Each structure stands twice: as structure tokens, then as C-alpha cells.
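A.B. asks: A structural model of the following input is requested.
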Amino acid sequence: MIKKTITVLSLSIFSLTLSAQQKENTYTGPKINTSEMDQKVNALLDKMTIEEKIGQLNLLTPGGGVATGAVVSDNVQQKIKDGKVGGLFGVSGPEKIRIAQEYAVNDTRLGIPLLIGSDVIHGYKTTFPIPLASASSWDMELLKKTAQVAAKEATADGINWNFSPMVDISRDPRWGRVAEGAGEDAYLGSQIARAMVEGYQGNDLTLTNTMLATVKHFALYGAPEAGRDYNTVDMSRVKMFNQYLPPYKAAVDAGVASVMSSFNDVDGVPATGNKWLLTDLLRKRWGFKGFVVSDYTSVNEMIAHGMGDLQDVSALALKAGLDMDMVGEGFVSTLKKSLEEGKVTEEEITTAARRILEAKYKLGLFEDPYKYLDKKRVKKDILTKEHRALARKAAARSFVLLKKDQNVLPIDKKAKIALIGPLGNNQSNMPGTWAPTGDFKNAIPVLEGLKNVAPKASITYAKGANITNDEQMAKNVNVFGPKVEISKESPEELLEQALKVAKDADVIVAAVGEASEMSGEASSKTDLLIPESQKKLIRELAKTGKRMVLVLMSGRPLNISEEAQLPIDILQVWHSGVEAGNAIGDVIFGDYNPSGKLTASWPRNVGQVPVYYSMKTTGRPGTKEGFEKFKSKYLDVDNSPLFPFGYGLSYTEFEYGDTTLSSKEMNMDGSITVSTTIKNTGDYDGEEVVQLYIHDKVRSITPPQKQLIGFQKINLKKGESTTVEFKITAEDLKFYNSSLEFVAEPGEFEVGIAPSSDFKFSNSFTLN
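C.D. replies: Down below sits the predicted model:
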């Protein structure tokens, strides 16, 4: 037996929140010569008219490029020449961007270059797994590398500003945009936010392979009522600070260059016009020095919120701390009038313009407006062999093995396989939602991937069912192109073909789940089930008695309570990007042992939502399984999720020893070491995400049942054992109290190291 020790650095190094009394920014991003920047920007501002300053606050999309919203700007060329545009998005390619940049540089009085933005959410042309999937890898270095590749490709295509990362915490899988975030936990979400910002921006924003990052959507966008997109959000400040705000703060501390406001309201005021949010919290408390951009027409949408007419809401947004108006053109059309009427000040306009100019300075655009427009880079730096290899690796590491009762996986590479399901030979759904810069035609479908990895296997394919038979649902999903295609054959004919193929196979691989646009923006759902067309197929395939694995694709946690009861294995592969098929082949045939862990709990049914691991204990908690009268329980289903946060199986088995402590007492300025021994007792080498949780037993506000404060991904060969250690300080035990002070309170803390959040604490220590 081989034994090794892995020590995780003090968790306090990764602390991502500051005391309420601390005003300084813990900025760790790219270094800027602020003196030179101030000199350049001040000199430029002194020359600018009020119209030119307002023009810098206007962000437009010319149309004809990437569709990311319902409104397209008109007469963009003339507006650039008139000095009324500070940036563009939805346009790419060195030739096209050079034309626009030349208008700005050569045809305006001061020649101020444009920012060029884009939604590079999970890769550019090399599409990586959707963010919820990538988060399931729990691999921060891997996530950072994917962001670096995305920045390299996007900048090669002329883009210098990215509308990513999205760090909204979400505990409601009905909300389609859960696909774009890191899941339900603030600690894990904060680690990912920082990794992505560092990946996009690097240490030097003047380099041509780095770009401005934008943390979004500020704030609380992931908690809309009823899970319906763009809906109102209402929560206490304590809940905001402890459970939803930390990932945004982590991005700010990492030096994120820009922040995007959210569509929802906060304390009854839309985020885009919320001064407490954009100025008091973001700038004064957190020390943010970058610029704030609205989401798509969110300034104008405050009219529908009931905040006034276009002039009213534009003035409200500027005074709140918004610097740039995306698409709506409320700033450029009303701010001068508001200035004349005393509704805004010139200083407020100048301050906003300064922040936009500073961003352009940080990118080096004043020195060379065309620095990102090297046509040679398009062929050299985009969709390369190396980038595709990273996408394949990232995809395989995002998969979560949900069930292995039958141990069907891994499949022998010489087996006779029936690949069945509407997602088994489909390119268009592989990249996933919010991949507007990618091309699904570059994606590897499952059938091709299985053949690539196991060329000696006998693989026969049948569609078996439509993704859905609901024509209205298909129409709703297919807004941006065909993701759901309803076959000319009847459902009965499709099923008959599938059963015929399955009859002669050794094993069935059923590729089923959601179409990519069944999740994402404006794709909220009240039904979390696999569509009935596919559920029927799964039932009938299971009846054959054949060994069977579900390869399940989705952009959200699903309710698969029925499928989990069937005698089958289940591998969750999300929508995993351009190399989806090859990565699925790698895992299906055992070239890689799955190691993903869920970052969002999966409900037993939609009525449990929201269900998440860090819920608080009520005054009447249940004490045993099953129903208990006068306890906080349901009549019809258990409180626990179907699959908990942090859950994920492996082809091998990991045995956890007891959680041990270096001391049972810790002072405020001291530390303790928490450790356990983990052994790979199975038949395969494998990776495991080791998770550290605490429970503050008594404190001034009610604590969560469990709280993640650390994790480490380890690799163990079969038969190998490892001692994993975590060092805890008082900084790791802090929370925001009812006065929003960031404090650690003396008392007893339960602590545990576990493979998921589903465990019982067995050890504790006291903080003095």
C-alpha cells in the first residue's frame, strides 16, 4: 500500500469577504500605472464636450452578428462618426472591427477607440462545457485554463471585453440561467469567480491575449420569484451578504474590470438604478474601481418596473453609479437634457466617462487601437488542436456519475452497443446554451465520439424518440435555430426501431435529456422531468433487461426520481461543448474515471424547490426518516434531495477515515488542523473531491445546517491511501451578523471531512 500526505494551505488565504468596517479593496488583478493613466484620461476629459462624454457611455450592437437580445441598434456607423458610441458588441472578426475602429479613430474629433465586447460565456469557438458543468469539476486550475483559452481565441477575433463570468448563486432549477452559473454555494462560487477573472484578465491587460472581464449579474439575479427569468427578487440583507454576494465580491477582489447590473430589483429598486447596490456597496464598501455596464436595455426596462419615463430612469441609473448603457440609448438621448434641467450633474457624467476611458487605457487602446486586429491570429489561435484537447479534458472532468447499481460502466471497447436516443447523434445540442460565438457544426456528437474512442466496438444507432413531441415546446425552444426536430416517423415507429436495435446488443447507451435551449436565458420551466417522449423510451428499454446506462444531458438539475429507481446506471454529462462526444467516449469506455461532483442539489420533485444543502434548521426539525406530525416535513416526500450538493460517484471506491483535529480548542488568533485518511479501495485509479464542512452550533443569527469552507481534488491509485489536511483559522468561521459586521463568534463548531454534503458530523472544536 502506498501512502502520501496532501496538505491544503490555510483556508484563510482564500477568504473572500471583508469586515464591514474595512473600506479598502483587496485587489489582486493586473497592475496599472495609475499616475500615467490619470494624466492621459484627465487631458482627454479636459478636451471633451459634454456630448462627447455622454457618447462614451453608449454601448451598441450593429446587428448581423451574434444574437444576444431582442433589440438591434440602428445607424451605428453614423453614430460612431458623431462621437456617440463608446463601445460595440455582437460583432467579431478583425476586418469588421477594424472598419468600426477606424470610424472612431479617424472620423471623430478626438479619435477615441471603441471597446469591443462579447458574451464569451463558456469558450469562444472552442466551446467548453456549460458553466454549471465546468463547476462540477471542482478544478480551479482547469477552469482558469479554459478562461485563458477563451480570452486567447476571442482576442484573436478582435474582441477585448468579455461579458463573463456569471456568478449568480441559484437554488432554483426552474430558472433557466442556472446553467450559466456555478450552482448553489457561495464559497465554491467565489473560488470559481476568482479563477475565471484571473483566466480572462491575466496579470497584464495590455497583452493581446487577455481581455476585460465582467462579473454579472449584479446582484441577486439567481433568486427570482417562481424561478421565472427577469422576475423580482426579495431577500434580507443578512441573506444577501452571507449567501448571495460573496462571489461578486470575490471577482471584485480579483480585480475584475467591469460589473454588469442585473434585471431584477433589490429592496424594491431595479439594480440598474440602485444607488445602494452600485455605489454604497460596490464602490464605497468594496472599493471597486472599474466601470458598471447595464444589461441589455435594462435602463429602459426600468420604465416597465414603474420608475418613470426614459429620461427619469436614465438619470436614476447615472446617479446610482451606472457608467454605460447597453443598447437602450437612454443616456445618449436624455442626459444632456437632464443636465440642463438639473436632474444630473456634469461631474456625474464626467465620472462615468472617466471610468470608460480608464478601461480603454488599461487595454492599451490609446497606444494602438488596432492591437487586437491581427488577421494571422484567427487561423493560428482559434479552435486549435491544443484547445480542443483542453475542451475534451474539461468535459470529461465535468461528468457526474449519479448511479452505478448495475456497474455497467465502464463498457468494454469491443462490446456490441445499441446507442439509442434523440441526443445520440446530434450536433446542434452539444455546445449547450449561451454559446453564441461557437458553431455547433464543429461539435463531436456522441455516436462519432464512441466510434473514435472504441473503433473495435460494434455500435448501432436508433433515435428512439423525439426530444419532445410537444410542437409548441419545440417552437419555443427553436427561437435561434433547430434544437428540437420532430421526426416524420410516428413515436411508435421510432420506439420500434430502438427496440429492434437494442435486441442484438450487449449493452444499451441511452443518450437522453434536455435540448440545449431548454435551459438558459428566458428558458425557465415549471417541469423538471425528462420529456415524456423520452421517459417512455427509457421505460421500454429498461424492460428489455439489457445492461443499460443513461447518458443524461441537461443544463439544470432534473427530477429523475423515476429513472433512479430503474436497474440502470446514470451518467450526467450536461451539455459539454465542442468535444462532447469524444469526452463521453473517454468516460464510457474507462479511459477516464469520472470525478465530477454536483454543485447544485437535485430535487425529488419540483415541489421541493428550493432545496439546498445549507438550509437552516427550523424550530421543529425532523429527527428521523419518514413523516412526522408537527415537524417541518412534507406529507408526500422526504425533505432530502434526490442527489445532494457535492455528490458524485466513481468507478472505484473511496473509504474515508474519521475526521481528526489537532486540538479541540482554538483562539481567535490561532489555528487548528483538520485531517482524515482516504483510501482507494476499488479496482480503478481515480480522483476524489474531498470536502470540508462546518456547523456553527450557537451564534447570534441562525446558522446553516452545514457550510462548505474548503475542498481539495486528489488523485489516488487503486490501493493507495492519503492523509488530507485542512488548516482552519477564525477567518474561515466568520459570517455577517444582523448588523452586517463580518465576525467570528466564540463557541462550538462541528466539523467534518466528507465526499458530499450528505453526512453526519462526528467531531467538534471550540473557538475561544
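
A.B. asks: when you work out contacts or count neighbours from here on, use the C-alpha atoms and nothing else.
C.D. replies: Fine.

A.B. asks: okay, helices next: where are they in the stretch 351-500 of the chain?
C.D. replies: Counting by DSSP state H, counting those that start in this stretch, one finds helices in the stretch 351-500 of the chain at the ranges 375-381, 385-396, 446-453, 471-477, 491-503.

A.B. asks: hang on, I meant the stretch 101-250 of the chain
C.D. replies: Remark: helices assigned in the stretch 101-250 of the chain by DSSP H, counting those that start in this stretch are 131-135, 140-156, 186-201, 237-239, 246-253.

A.B. asks: and the first one, what other elements does it pack with?
C.D. replies: Contact analysis of helix 131-135 by 3 or more C-alpha pairs under 8 Å, 6 or more residues apart in numbering; DSSP states H and E lists helix 385-396 as its packing neighbours.

A.B. asks: tell me what the helix it packs on is packed against?
C.D. replies: helix 131-135, helix 140-156, helix 580-588.

A.B. asks: adding mean neighbour count, mean pLDDT and distance to Lys380, write those helices out as CSV.
C.D. replies: Formatted as CSV, the helices and strands packed on helix 385-396 follow (neighbours: other C-alpha atoms under 10 Å; pLDDT from 0 to 100; distance: least, C-alpha to C-alpha, whole Å):
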stretch, mean neighbour count, mean pLDDT, distance to Lys380
helix 131-135, 30, 98, 26
helix 140-156, 25, 98, 9
helix 580-588, 27, 98, 23
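
A.B. asks: quick one, which of the ones you listed gets closest to Ser756.
C.D. replies: When the helices and strands packed on helix 385-396 are compared by C-alpha to C-alpha, helix 131-135 sits nearest Ser756, at 14.8 Å.

A.B. asks: how about the CA coordinates for that closest one, as PDB?
C.D. replies: Written as PDB, here are the backbone C-alpha positions of helix 131-135 (Å, rounded to 0.1, in the frame of the first residue of the first chain):
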ATOM      1  CA  PRO A 131     -20.600  26.700 -16.600                       C
ATOM      2  CA  LEU A 132     -22.800  24.600 -14.300                       C
ATOM      3  CA  ALA A 133     -21.000  21.600 -15.800                       C
ATOM      4  CA  SER A 134     -17.500  23.100 -15.500                       C
ATOM      5  CA  ALA A 135     -18.200  23.900 -11.900                       C
END
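
A.B. asks: how about residues contacting that helix?
C.D. replies: 121-122, 128, 143, 178-183, 192, 394-395, 397-399, 555-556, 573-576, 599 (C-alpha atoms under 8 Å, 6 or more residues apart in numbering).

A.B. asks: got it, and stretch 233-252?
C.D. replies: 16-17, 27, 167-169, 185-187, 189-191, 193-194, 197, 215-216, 218-221, 223-225, 264-268, 286, 288, 735-738, 740.

A.B. asks: can you pull up the most central residue in the chain?
C.D. replies: Gly181 (2.3 Å; C-alpha atoms, centre = their mean).

A.B. asks: okay, it and Asp439: tell me how far apart.
C.D. replies: 22 Å (C-alpha to C-alpha, to the nearest Å).

A.B. asks: do the same with Ile349
C.D. replies: Counting by C-alpha to C-alpha, the gap from Ile349 to Asp439 is 40 Å.

A.B. asks: give me the more crowded residue out of the two.
C.D. replies: Ile349 (23 against 16; other C-alpha atoms under 10 Å).

A.B. asks: the helix or strand where that one lies packs against which elements?
C.D. replies: Taking DSSP states H and E as the definition, Ile349 sits inside helix 346-362. Identification of packing neighbours for helix 346-362 by 3+ C-alpha pairs under 8 Å, 6+ apart yields helix 34-47, helix 50-55, strand 291-293, helix 310-320.

A.B. asks: okay, buried residues for the second one please.
C.D. replies: Pointing back at helix 50-55 there. The neighbour-count check on helix 50-55 (16 or more other C-alpha atoms under 10 Å) flags 50, 52-55 as buried.

A.B. asks: what's the answer for the last one, then?
C.D. replies: Neighbour counts using 16+ other C-alpha under 10 Å place 310-320 of helix 310-320 among the buried residues.

A.B. asks: check what contacts it and list those residues.
C.D. replies: So helix 310-320 is contacted by 272-276, 278-279, 299-300, 302-303, 307, 330-331, 334-335, 338, 343-344, 348-349, 352 (C-alpha under 8 Å, 6+ apart).

A.B. asks: those residues in helices, which ones?
C.D. replies: Applying DSSP state H to these, the entries found in helices are 275, 330-331, 334-335, 338, 348-349, 352.

A.B. asks: could you count how many residues lie near Val609?
C.D. replies: 18.

A.B. asks: what about the residue lying closest to it once chain neighbours are set aside, how many residues close to it?
C.D. replies: Residue nearest to Val609 in three dimensions, not counting chain neighbours: Asp172, with 6.1 Å by C-alpha to C-alpha, 6 or more residues apart in numbering. Per other C-alpha under 10 Å, the neighbour tally for Asp172 reads 31.

A.B. asks: still on that earlier bit, turn the helices of the stretch 351-500 of the chain into a markdown table, columns for mean neighbour count.
C.D. replies: Shown next, in a markdown table, are those (neighbours: other C-alpha atoms under 10 Å):
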| stretch | mean neighbour count |
| --- | --- |
| helix 375-381 | 15 |
| helix 385-396 | 22 |
| helix 446-453 | 21 |
| helix 471-477 | 14 |
| helix 491-503 | 18 |
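
A.B. asks: got JSON lines for these, with mean pLDDT and distance to Glu655 too?
C.D. replies: Output for the helices of the stretch 351-500 of the chain, formatted as JSON lines (pLDDT from 0 to 100; distance: least, C-alpha to C-alpha, whole Å):
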{"stretch": "helix 375-381", "mean pLDDT": "96", "distance to Glu655": "44"}
{"stretch": "helix 385-396", "mean pLDDT": "98", "distance to Glu655": "23"}
{"stretch": "helix 446-453", "mean pLDDT": "98", "distance to Glu655": "31"}
{"stretch": "helix 471-477", "mean pLDDT": "97", "distance to Glu655": "44"}
{"stretch": "helix 491-503", "mean pLDDT": "98", "distance to Glu655": "37"}
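
A.B. asks: would JSON lines of these with distance to Ser640 be doable?
C.D. replies: Compiled in JSON lines, the helices of the stretch 351-500 of the chain are given as follows (distance: least, C-alpha to C-alpha, whole Å):
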{"stretch": "helix 375-381", "distance to Ser640": "47"}
{"stretch": "helix 385-396", "distance to Ser640": "28"}
{"stretch": "helix 446-453", "distance to Ser640": "33"}
{"stretch": "helix 471-477", "distance to Ser640": "31"}
{"stretch": "helix 491-503", "distance to Ser640": "35"}
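
A.B. asks: of those helices, which is nearest Val689?
C.D. replies: helix 385-396 (14.9 Å).

A.B. asks: that closest one vs helix 580-588, what angle?
C.D. replies: Computed by axes from the mean of the first three to the mean of the last three C-alpha atoms, to 10 degrees, the angle separating helix 385-396 from helix 580-588 equals 50 degrees.

A.B. asks: could you export helix 385-396 as PDB, CA atoms only?
C.D. replies: Extracted C-alpha coordinates of helix 385-396, given in PDB (Å, rounded to 0.1, in the frame of the first residue of the first chain):
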ATOM      1  CA  LYS A 385      -5.700  21.000 -31.700                       C
ATOM      2  CA  GLU A 386      -4.500  22.000 -28.200                       C
ATOM      3  CA  HIS A 387      -7.600  23.900 -27.400                       C
ATOM      4  CA  ARG A 388      -9.900  21.100 -28.400                       C
ATOM      5  CA  ALA A 389      -7.800  18.700 -26.300                       C
ATOM      6  CA  LEU A 390      -8.400  21.000 -23.300                       C
ATOM      7  CA  ALA A 391     -12.100  21.100 -24.100                       C
ATOM      8  CA  ARG A 392     -12.200  17.300 -24.100                       C
ATOM      9  CA  LYS A 393     -10.400  17.100 -20.800                       C
ATOM     10  CA  ALA A 394     -12.700  19.800 -19.300                       C
ATOM     11  CA  ALA A 395     -15.800  17.900 -20.500                       C
ATOM     12  CA  ALA A 396     -14.700  14.500 -19.100                       C
END
